[in-house]
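**Student:** What follows is a predicted protein model with its sequence.
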Amino acid sequence: MTTGTPAGSQGQAAAGGSGSGQGGDLLHVEDLKVWFPITEGIIFERHVGDVQAVDGVSFRLRRGETLGLVGESGCGKSTTGRAIIRLYKPTAGRIVFDGVDVSGLDGVPLRRMRRRMQMIFQDPYASLDPRMTVSGIIAEPLEIHDVGTGRERRERVRELLATVGLNPDFGDRYPHEFSGGQRQRIGVARALALNPDLIVADEPISALDVSIQAQILNLLEKLQVQFHLTYLFIAHDLSVVRHISDRIAVMYLGRIVELASARDLNSVPLHPYTVALLSAIPVPDPVVESRRRRIILRGDVPSPVNPPSGCRFHTRCWLRERLGNPERCTTEDPALRPLATGHEVACHFAEDVDGSVEQRQALGRPVDPAQAGSRQPVAPAAPPSAPPA
Amino acid sequence: MTAPTSTRRRDGIPDAGPLLQVSDLVVKFSTHDGTVHAVNGISFQVEAGETLGLVGESGCGKSVTNLAIMRLLPKPAGKIAGGRVDFDGLDLVRLSEAEMRDLRGKEIAMIFQDPMTSLNPVLTIEEQMVETIRAHRRVTKQEARARTIALLSMVGIPNPESRLRSHPHQFSGGMRQRVMIAMALALEPKLMIADEPTTALDVTIQAQVLELLRDLTERSQTAVILITHDLGVVAGMTQRINVMYAGFIVETATTPELFAAPSHPYTVGLLHSIPRLNAERHEPLIPIEGAPPDQRRAPTGCPFAPRCAWRLEVCWTDNPSLTPVVAGTRVVTSGAGATHLIACHNPPTTDEAVAGRPLRPGFVAAAPPGVVVDELAASLEATPATAEEVVLMTGEEGPISAAGVTDLPPTPPPPEGDES
Amino acid sequence: MTTVAAVTRVEPRASSGLWRDALRRLLRNRPALLGMVLIGVFVIVAVFAPIIAPYDPLARFPTRQPPPGPTPAHWFGLDLQGRDELSRVMFGARISLFVGVLSVVIGLTMGGIVGALAGAAGGRVDNVLMRVVDVLLAVPGILLAIGIVAWLDRGLIQIMIAVAATNAPIFARLLRGSLLAIRESDYVLVARSLGASGPRLLFRHMLPNALTPLIVAATLALATAIIDVAGLGFLGLGPPDPRTAEWGTMLTDSTKFLRSAAHLIFFPGVAIVISAIGFNLLGDGLRESLDPRLKR
């Protein structure tokens, strides 16, 4: 029941971040819902419920910017990404791509729109057809959409391979002859083949080794500048998302709970879930780690088949507990509302989060002001942590 | 502090050596592709009550090391081809399977990564835990059951009695991992080996489980070997860290020291290639170019050489051994005063470690010996800011192509004196 | 600007096709090689029987009861009607090969189409088709074959249909299962996201990847087919012309002579066993060489 608020979108335009947007929204998602029916019965299937994977998600994506979609398993971020490129048909809501509502399209018009939005998949081992050569894989989008002659396609494949940092002569090889990082590059090359405007990257580096992840991230950043791409970057790792995104949307159980610029999210998180998330992420700095006191969320994520009443997060919310379990959290579903320019939060009591002890703990700031300045970390591999507030 | 070769006395009289001493362990796998040299002669120790981190990426041998310690290598392919593993006075490599079975669970316990597959899906929790307890201790079923309930509540499972009859699939991932921890600690082992215990879990659940692990092992003074690729996790959980690459230990130090002064190019590279929450946002990532090596070849020279920005010619032919960072220091192998050791011919200076790349003017990473460097056309795309070089090298084994070459992102302004 | 060129070794050998890789692995597999040798012998004998058989399989020689065993003139001895056993075994290979192969081909086609329809269409169609397949699978193979031959009358074609009917459901199930699994795999999802049409998905992506288990199953089915054909013959449902040399039929009347003229049972029996083993070995070898590597 959350809807994108007009006030929010204006705010986002102002806080467009460092994205080199040429103005205008490339993508506008309005109250998107993707529900998967659950059926029972052998011969006659009864519809007994729905997995409410995505339940009312709204956001705007400006041309040239990177929006990060972050959340844990079951939050619906992958489903959102796939619904946008129409791998799933939305149950409700609109997906307006460059002015055209693609949520209801089919057939030829859909195919035409597909050229402009492409996806990079998570698993570099499964997303390449093992029986096709690398050239075949990269050329496939060109074939499907009937672009260019055979020779032009071959040229384009070589060009794309070089663009992603692979030797163009390796087109005749098969995927299994490449490493994970290289395969992911092939996936990126394929996504670029049709010169799309939007690329949805669904956990593009999670399956890769740490030392390779940075290679691919850098590649994606470079390509964004080079080809004026707009990214929807879906991942569960907030550190990675923060690095590459201009704005970030945090999802929980099918909804966006916080939407802000990457900088604001990291320095002023306002939703209790975001705070808990930040607090949980281990930081490669033992001094910071020893100082931290984590907010441990209790219990597990509820099932998307039967989400909690009212605010979906209320069953695990530390803020609610601290405020004495207010009734409102169980009865009223908070809408995504702007709390600051370009910063939207779906929480009834978000004002209480800012400046709270938990927020400071999550950000690794000393809780006791007297500690400020006493133990600056000496880690040379990172600049000193955020100055004490 | 402790002489590495002495063993601990079993009558409980304190001190005479570490709890676990691995010496020159070599593990090979025979596959139909050839022999995989998974672990190539590593040595390390773990004291009682200490948490040691084994950090590295896939293929570095960290998991294999621990399977070898537990003698759980897949047969017949995996073999311990050399070295000793001294645990509490016994050489585990030489024990019989029956003797090992006696040790497993009771003295040494292991937690695996995937909570889905490491619990038997057909048995209830009660059956699995009670069975484990009774396999090693003479207790009645009631006593085992009571202990199980106590353990489950110790790991934070609500309403443990009602969950006894549940099957693993009825638990969430985090819960299953807690059950695994409960099973591992059931018999109060002296050493627990946790192999990527939280990699498959969501980050908020990971925080829960790690906290639990830390609490419990501190309380019971269980020694822990924590295997992971996540530097953030080891930063918060360990006292000492071994960094592994391609079956070798390339750096070892106490945790604070490792992060304060990372000295091996691989460690430096790793630390620079992960985005951090506590760093500036658009701090450029400096990836480690290339990919982990093919371990089907016997290692010649330093295994990291092909990817190392600091490499010298000698690095291609001579595999450096672990030596103290500060030359001449006496080697202390464990505890809070453990010496910082690295295996490197040309370690980065402190400034270079901060910058993430060599800063010596005119320094170029050495090419493989006997190789003709032939530079191909420079720019492969049009943007002037990112010209690329594809370096095609021919060597004795045939064409080796730099298939993984990308340029570095625009580097921050070089310090004075650097001419690039 | 400094560039660190990483020296990455990509396999220096020329990239061979997937099939050539698989073939190479197959040739390294000893049991499979043995299987191929056995099959080779079987096929050569079957194909060239008219040329290499020492005698006309119908020619009768003077004999006694029980008929004589191996002699220098007749290496496998004579059968009950005084015909040269060796020649009859050789000609029997033709029937086994011909009927066996054709029945598997028919079974593959029928089962394949059903399986492909079910796997690709899903939903109701899948449900209905699979229930039919289930019914067929519920009947033990040989009984089903007997039933069909009894119904359709004896004859080579009928035997082919009968044996095909026993292996078709297996292929259907197999192909359907593979397709269902492949349908969910990432690369198919990718193709869909690119806008690939249904037929393209099926023929370009799904079927080629579903082939390998089918190839293995077909090879193993050949082994079973040979045994089934012989089995039918043994039970008296073989080719109606009693003069035809068919391994199973050759065994039918010979059971009484287990002690006195064991050669009557031994040679056809061994021939059946060896051909079946050959295909089994090859099938196992194929499974190893085709499948697990692709997971890498």
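**Tutor:** Right, received. Where do you want to start?

**Student:** Look at the residue nearest to residue A:250 when sequence neighbours are not counted and tell me its secondary structure.
**Tutor:** Nearest residue to residue A:250, sequence neighbours excluded (C-beta to C-beta, 6 or more residues apart in numbering or on different chains): residue A:258, at 4.5 Å. Placement of C-beta: from N, CA and C, glycine included. Classification of residue A:258 using DSSP: H, G, I helix; E, B strand; the rest coil returns strand.

**Student:** Specify the beta-bridge partners of residue A:258.
**Tutor:** residue A:250, residue A:345 (DSSP bridges).

**Student:** how about it, what does it touch?
**Tutor:** If you count contacts by C-beta atoms under 8 Å, 6 or more residues apart in numbering or on different chains, residue A:258 has them with A:248-250, A:265, A:269-271, A:273-274, A:343-346.

**Student:** Recalculate using a threshold of 6 Å.
**Tutor:** Residues near residue A:258 by C-beta atoms under 6 Å, 6 or more residues apart in numbering or on different chains: A:250, A:271, A:274, A:345.

**Student:** and the second one, how far is that from residue A:336?
**Tutor:** Going back to what we said before, that points to residue A:271. Distance, residue A:271 to residue A:336, by C-beta to C-beta, to the nearest Å: 10 Å.

**Student:** which of the contacts of residue A:258 lies closest to chain B?
**Tutor:** Distance to chain B across the contacts of residue A:258 (C-beta to the nearest C-beta) is lowest for residue A:274, with 11.1 Å.

**Student:** contacts for the host helix or strand of that closest one?
**Tutor:** According to DSSP states H and E, residue A:274 maps onto helix A:272-280. With contact meaning C-beta under 6 Å, 6+ apart, helix A:272-280 is reached by A:250, A:252, A:257-258, A:269, A:294-295, A:297, A:313, A:317-319, A:358-359, A:362, B:203-204, B:207.

**Student:** ok, which residues in chain B are in contact with chain A?
**Tutor:** B:57-58, B:172, B:202-204, B:207-208, B:229, B:231-233, B:235-236, B:255-256, B:259-260, B:271, B:273, B:275-279, B:285, B:287-288, B:291, B:353-354, B:380-381, B:383, B:401, B:403, B:406, B:409 (C-beta under 6 Å from any C-beta of the partner chain).

**Student:** So among the residues you listed, which ones count as buried?
**Tutor:** B:57, B:172, B:202-204, B:207-208, B:229, B:231-233, B:235-236, B:255-256, B:259-260, B:271, B:273, B:275-279, B:285, B:287-288, B:291, B:353-354, B:380, B:401, B:403, B:406, B:409 (16 or more other C-beta atoms under 10 Å in any protein chain shown).

**Student:** The host helix or strand of residue B:249 packs against which elements?
**Tutor:** Using DSSP H and E, residue B:249 sits in strand B:248-254. Counting contacts by 3 or more C-beta pairs under 6 Å, 6 or more residues apart in numbering or on different chains; DSSP states H and E, strand B:248-254 is packed against strand B:240-245.

**Student:** change it to 7 Å
**Tutor:** Secondary-structure packing of strand B:248-254 (3 or more C-beta pairs under 7 Å, 6 or more residues apart in numbering or on different chains; DSSP states H and E): strand B:34-46, strand B:240-245, strand B:341-342.

**Student:** after that strand comes which helix or strand?
**Tutor:** Downstream of strand B:248-254, the next assigned helix or strand under DSSP H and E is helix B:255-260.

**Student:** Provide the contact partners of that next one at residue level.
**Tutor:** A:284-286, A:378-379, B:234-235, B:238-241, B:267, B:340 (C-beta atoms under 7 Å, 6 or more residues apart in numbering or on different chains).

**Student:** Just the C-alpha atoms of it, please, in PDB.
**Tutor:** Output of helix B:255-260 as PDB, limited to C-alpha atoms (Å, rounded to 0.1, in the frame of the first residue of the first chain):
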ATOM      1  CA  THR B 255      44.900  -9.500  13.600                       C
ATOM      2  CA  PRO B 256      45.600  -5.900  14.600                       C
ATOM      3  CA  GLU B 257      49.000  -6.000  13.000                       C
ATOM      4  CA  LEU B 258      47.700  -7.500   9.700                       C
ATOM      5  CA  PHE B 259      45.300  -4.700   9.200                       C
ATOM      6  CA  ALA B 260      47.500  -2.000  10.500                       C
END
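
**Student:** Just the residues contacting the strand or helix carrying residue A:248, thanks.
**Tutor:** Element membership of residue A:248, judged by DSSP H and E, is strand A:247-252. Residues from elsewhere that reach strand A:247-252 (C-beta under 7 Å, 6+ apart): A:17, A:59, A:65, A:67-71, A:75-77, A:241-242, A:256-262, A:265, A:271, A:273-274, A:277, A:312-313.

**Student:** pLDDT of it, averaged?
**Tutor:** Regarding strand A:247-252, the rounded mean pLDDT is 95.

**Student:** Tell me what angle that strand forms with helix A:272-280.
**Tutor:** Interaxial angle of strand A:247-252 relative to helix A:272-280 (axes from the mean of the first three to the mean of the last three C-alpha atoms, to 10 degrees): 100 degrees.

**Student:** Any idea how far strand A:247-252 is from the middle of the chain?
**Tutor:** Here strand A:247-252 is found 7 Å from its chain centre; the criterion is C-alpha atoms, centre = their mean, to the nearest Å.

**Student:** Thought residue B:114 was touching residue B:176, still the case?
**Tutor:** No: the pair residue B:176 / residue B:114 is not scored as a contact, 9.2 Å apart, by C-beta atoms under 7 Å.

**Student:** between these two, who's got more neighbours?
**Tutor:** residue B:176 (22 against 15; other C-beta atoms under 10 Å in any protein chain shown).

**Student:** Tell me which other helices or strands the helix or strand hosting the more buried one touches.
**Tutor:** Assigned by DSSP H and E, residue B:176 belongs to helix B:173-185. Secondary-structure packing of helix B:173-185 (3+ C-beta pairs under 7 Å, 6+ apart): strand B:108-111, helix B:115-118, helix B:125-136, helix B:141-154, helix B:203-220.

**Student:** Quickly compare these and say which is most buried.
**Tutor:** The highest mean neighbour count among those, using mean count of other C-beta atoms under 10 Å in any protein chain shown, belongs to strand B:108-111: a mean of 24.

**Student:** Identify the residues contacting that strand?
**Tutor:** B:66, B:70, B:87, B:180-181, B:184-185, B:189, B:191-195, B:197.

**Student:** redo that, cut-off 8 Å
**Tutor:** Contacts of strand B:108-111 (C-beta under 8 Å, 6+ apart): B:66, B:69-70, B:72, B:87, B:104, B:118, B:177, B:180-181, B:183-185, B:187, B:189-195, B:197.

**Student:** now swap in stretch B:85-102 and tell me
**Tutor:** Outside stretch B:85-102, the residues that reach it (C-beta under 8 Å, 6+ apart) are B:7-10, B:17, B:19-23, B:25, B:68-71, B:80, B:83-84, B:103, B:107-108, B:136, B:190-191.

**Student:** Residue A:94: helix or strand, and which one exactly?
**Tutor:** Assigned by DSSP H and E, residue A:94 falls within strand A:92-97.

**Student:** Which is the succeeding secondary structure element to that strand?
**Tutor:** Following strand A:92-97 in sequence order, the next helix or strand is strand A:100-101 (DSSP H and E).

**Student:** helices or strands up against the following helix or strand past that following strand?
**Tutor:** Remark: after strand A:100-101, the chain's next helix or strand is helix A:107-114, criterion DSSP H and E. Judged by 3 or more C-beta pairs under 8 Å, 6 or more residues apart in numbering or on different chains; DSSP states H and E, helix A:107-114 is in contact with no other helix or strand.

**Student:** pretty sure residue A:76 is touching residue A:53, no?
**Tutor:** Yes: the pair residue A:76 / residue A:53 is scored as a contact, 4.7 Å apart, by C-beta atoms under 8 Å.

**Student:** Between the two, point out the one with more neighbours.
**Tutor:** residue A:76 (27 against 24).

**Student:** Please report how far that one lies from residue B:53.
**Tutor:** Counting by C-beta to C-beta, the gap from residue A:76 to residue B:53 is 34 Å.
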